[in-house]
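1. What follows is a predicted protein model with its sequence.
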Amino acid sequence: MATCFNTPQVKYNSALRFERHGIPADELIFSPVVRFVGDRVAAVAATSPKIAARALSLLDVDYEVLPAVFDPEEALAEDAPKIQPGGNLVAEIRAETGDLDQGLAGSDYVFTDKYYTPRPSHIALEPHTCIADVSRDGPLTVWSATQNIFAFRVLLSGIFSLPMHKVRVVKPPVGGAFGGKLEMTIEPVAAALAMMCRRPVKVELTRREVFFATRTRHAAVVEIKTGVNRDGFIQAQDIKVITNTGAYTSSALNVLGAMIDKAFKQYRIPGMRCQGYPVLTNTPVAGAMRGYGSPQLILAREVHLDRVARELKLDPVELRRRNLVRPGDPNPRSGATLGDCYPLECLELGAREFGWDTWRRPILPPHKKRGIGMAVGVHGNGVYGVHADITGVTITMNEDGTGILFTGAHDLGQGVITILLQIACEVLGMKQQDWSVIEADTAYVPWDLGMYASRGTWVIGQAVKRCAETIAAQVKEKAAQILNADLEKLNLSGGRVNAPDGSSVSLRDVVWEIQQKDGRELIASYSHRSTFNPTSYGADFAEVEVDLEQKTIRVIRFLAVHDVGRAINPLLVEGQIEGGIQMGIGYALSEDLKLDAAGKVVNASFKKYVTPKAADMPTLKVMLVENGERQGPYGAKSIGECATIPVAPAVANAVADALGREIHAFPIDLRALSD
């Protein structure tokens, strides 16, 4: 049995990304203080689940009940119970550009609103699972459903005082993540038990446990003050965000920092200030979730801007048309270009395709209402500008002309390995079936920052492209000798190197020549550091029907238009967007972890936690703006997280249009609105 009395009392932060990350460490494998319902208290290992369950039932724990606080605004009060020794406010994060006060004072109108966003769960199909093993002379090996093998290696190394070469972390195929498997949860428990037993130990959470014992999205309180002139041009905006980070700091600073960063990349606003306050409470720990701060910000801002448009008697599309950033606009915080950004094109294409200007409210029974809404979303491509965004890849060619790709990329169902192979094939003129991939194993692959921040295609894709180009250069050099041809005029396709005169040599023969005659292996490694972080955009349009008698909201039609640079795999891009729409609809209408008066999650099951099912999904249409991002691999940039960000505000604005009233709390509860 493992408890706080016989396991290392080494504090860590489960959201650590790399050595010396420098974020607050306030977690333990098992803490002597239980800070929320779901905190780890003890674990047992047994030869069967039945025996383990029986052993757990025999445990008797004496608790001293402490005062608790569950609301982040209440937790900021001076007399609130202190969750951690340093107090409940983790930090204040602040960023501003221009002259906010002058902008507000010079505005014709100033609007102020306050919004409350929910605490949804990731509900990936596969629950959190890991296996730990400690061989007699070998390393601690952990097989984990994780998004960050190298970060987990750093954490486990520190907790158990092991050198890193004695810790191996492997990601097997993972059934979904959405950010919920980025931060370490059960892995040190399995490792501690394996060390005690000297046998492999598997820890697998039940679905119920996943809801409250892993991570959630940060619930947030967002206050927005916006100054506009009478023509609808935004002059100034002041945003204050309080996030509920739960009982431990985790990614509180990271998420709020990312949120604030996006606030400056959506609209042209001369004077702007963003303040963020991550707050500890006695609730389940919040962490990374698809969008990483953007969903909270964009939901509040886009609903607020619709209210501004209504007050100005200005069409919501027109308000955004006048204020959205344009290609090449500078980031007002750094002066660096936003790159090839096309939110306006998304907006214009979406409005035309949706029939925004021609839509008319249908005649329905009095208890049914129809409305339309739209919103624009924004997200980044990696973490450049915050810390070093690095990845390494290795490509080795086999004697038969096939290849092996070694990469730290984690395929979590999003298809990143397919994308990387498409890039390698494009460079080397090969087919995907000619490749095998070694992915996400700290013992075999080069270092990678982790699969988060929508960095897969943008960062790792560029590394694969450049590594493949290094291989291609060696192939062409040898083929030029074989064919007696001009190296610069050779091309690779169909598994062959082709010269302009029609002569060619197979890739297989070139590899053989390099190996057997030159006496070297055809292998290349490339370490890539991203030096630019462009922005992805999307404009979503929704039509909803509200039934006032049944208290239901149904999204009946939805259009998503996204600026993706260029789609390397259009089918995968469309699939990401459709999945993002499902997640965003849930965020707007139903998904939220509910707590009782004692802080216990009361809807920790698929039966009680309501998420949109297939039958609930609207008629969908996805369209892409593909003007290219010059610095991206073949012009591509990310889609994974941006896919979900504008969905909830588009739905919320449609509901507000149907009801003819403002909405400030999410998910939308018609019963509460009718009170």
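-> Sure, I can see it.
2. Domains of the chain: list them as residue ranges, please.
-> Domain ranges of the chain: 1-65+130-203, 219-381+534-674, 390-529, per automatic domain parsing.
3. Among the ones you listed, show me which one is buried the most.
-> When the domains of the chain are scored by mean count of other CB atoms under 10 Å, the highest mean neighbour count falls to domain 219-381+534-674 (a mean of 21). Using the backbone N, CA and C atoms, a C-beta is placed for each residue, glycine as well.
4. Quick check: end-to-end length of it?
-> Counting by CA to CA, to the nearest Å, you get 23 Å between the two ends of domain 219-381+534-674.
5. circling back to that earlier point, using TSV, lay out the domains of the chain together with distance to V90 and mean pLDDT.
-> Output for the domains of the chain, formatted as TSV (distance: least, CB to CB, whole Å; pLDDT from 0 to 100):
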stretch	distance to V90	mean pLDDT
domain 1-65+130-203	7	95
domain 219-381+534-674	4	97
domain 390-529	20	96
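6. who wins for proximity to A75 among these?
-> domain 219-381+534-674 (5.0 Å; CB to CB).
7. continuing past the longest helix seen in the chain, what's the next helix or strand?
-> Across the chain, the longest stretch assigned as helix under DSSP state H is helix 461-483. The helix or strand immediately downstream of helix 461-483 is strand 491-493, counting by DSSP states H and E.
8. how distant is the helix or strand following that next one from the center of its chain?
-> Using DSSP H and E, the next helix or strand after strand 491-493 towards the C-terminus is strand 496-498. In terms of CA atoms, centre = their mean, to the nearest Å, the centre of strand 496-498 is found 40 Å from the chain centre.
9. residue furthest from the geometric center of the chain?
-> Relative to the C-alpha centroid of the chain, counting by CA atoms, centre = their mean, N484 is the outermost residue, at 50.4 Å.
10. residue contacts, the closest residue to C467 other than its chain neighbours?
-> For C467, ignoring the flanking residues on the chain, the nearest one in space by CB to CB, 6 or more residues apart in numbering is Y526 at 3.7 Å. Listed by CB atoms under 8 Å, 6 or more residues apart in numbering, the contact partners of Y526 are 392-394, 463, 466-467, 470.
11. So which of those residues is the closest to F152?
-> Using CB to CB, the contacts of Y526 come closest to F152 at G392, 17.5 Å.
12. Surely the closest one is within a strand?
-> Yes: per DSSP: H, G, I helix; E, B strand; the rest coil, G392 lies within a strand segment.
13. The residue lying closest to it once chain neighbours are set aside: what secondary structure?
-> Once flanking residues are discounted, G392 sits nearest to P446: 2.8 Å by CB to CB, 6+ apart. Secondary structure state of P446, per three-state DSSP, is coil.
14. and the gap between P446 and D616?
-> Counting by CB to CB, to the nearest Å, the separation of P446 from D616 is 43 Å.
15. Indicate which one of the domains of the chain is closest to T112.
-> domain 219-381+534-674 (4.6 Å).
16. Tell me which residue lies nearest the centroid of this structure.
-> The centroid of the chain falls nearest to R290 when counting by CA atoms, centre = their mean (3.3 Å).
17. Just give the closest residue to that residue, not the sequence neighbours.
-> For R290, ignoring the flanking residues on the chain, the nearest one in space by CB to CB, 6+ apart is F178 at 4.6 Å.
18. Select, out of the domains of the chain, the one closest to P118.
-> Nearest of those to P118, taken as CB to CB: domain 219-381+534-674 at 3.7 Å.
19. thinking again about what came up before, okay, the host helix or strand of the residue nearest to C467 in CSV with CA atoms only?
-> For Y526, the host element (DSSP H and E) is strand 523-529. Provided in CSV are the C-alpha atoms of strand 523-529 (Å, rounded to 0.1, in the frame of the first residue of the first chain):
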residue,chain,number,x,y,z
ILE,A,523,20.6,8.6,-42.2
ALA,A,524,19.8,12.1,-41.1
SER,A,525,18.8,13.9,-37.9
TYR,A,526,17.3,17.3,-37.8
SER,A,527,16.7,19.5,-34.7
HIS,A,528,14.2,22.3,-35.4
ARG,A,529,13.5,25.3,-33.3
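20. what angle sits between it and helix 461-483?
-> Taking axes from the mean of the first three to the mean of the last three CA atoms, to 10 degrees, one finds that strand 523-529 is oriented at 150 degrees with respect to helix 461-483.
21. and strand 523-529, which strands flank it?
-> Neighbouring strands of strand 523-529 in its sheet, by DSSP bridges, are strand 390-397 (antiparallel).
22. just checking, next helix/strand downstream of the strand it pairs with?
-> Next element after strand 390-397 (DSSP H and E): strand 403-407.
23. Show residues contacting the next helix or strand after that following strand.
-> The element immediately downstream of strand 403-407 (helix or strand, assigned by DSSP H and E) is helix 416-428. Here helix 416-428 makes contact (CB under 8 Å, 6+ apart) with 395, 403, 405, 407, 409-411, 430-432, 434-435, 437, 439, 451, 456-457, 460-461, 464-465, 468-469, 471-472, 475, 492, 507, 568-569, 572, 633-634.
24. right, and the helix or strand after helix 416-428?
-> Counting by DSSP H and E, what follows helix 416-428 is strand 435-439.
25. quick check, distance from that following strand to the centre of its chain.
-> Offset of strand 435-439 from its chain centre (CA atoms, centre = their mean): 24 Å.
26. Alpha carbons of that strand, as CSV, please.
-> The C-alpha trace of strand 435-439 is given here as CSV (Å, rounded to 0.1, in the frame of the first residue of the first chain):
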residue,chain,number,x,y,z
TRP,A,435,7.5,3.8,-44.0
SER,A,436,7.5,2.6,-40.4
VAL,A,437,7.4,5.0,-37.5
ILE,A,438,9.0,4.9,-34.1
GLU,A,439,7.1,7.5,-32.1
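27. what's in contact with that strand?
-> The contact list for strand 435-439, computed with CB under 8 Å, 6+ apart, reads 171, 402-411, 417, 420-421, 424-425, 444-445.
28. got the angle for it vs strand 390-397?
-> Computed by the same axes, to 10 degrees, the angle separating strand 435-439 from strand 390-397 equals 150 degrees.
29. Use 43 as the first number for this chain going forward.
-> With 43 as the first residue, the last one maps to strand 477-481.
30. what pairs with strand 477-481, and is each one parallel or antiparallel?
-> The strands beside strand 477-481 in its sheet (DSSP bridges) come out as strand 445-449 (parallel).
31. what's the partner strand in contact with?
-> Residues outside strand 445-449 that contact it (CB under 8 Å, 6+ apart): 433, 435-440, 459, 462-463, 466, 470, 472, 476-482, 486-488, 490, 502, 506, 513.
32. So E555: helix, strand or coil?
-> Assigned with three-state DSSP, E555 falls in the helix class.
33. now A581
-> strand.
34. That one contacts Y384, doesn't it?
-> No: if you go by CB atoms under 8 Å, A581 and Y384 don't touch, sitting 9.9 Å apart.
35. Show me which of the contacts of Y568 is closest to Y629.
-> The nearest one, if we look at these relative to Y629 and count by CB to CB, is A505, at 32.7 Å.
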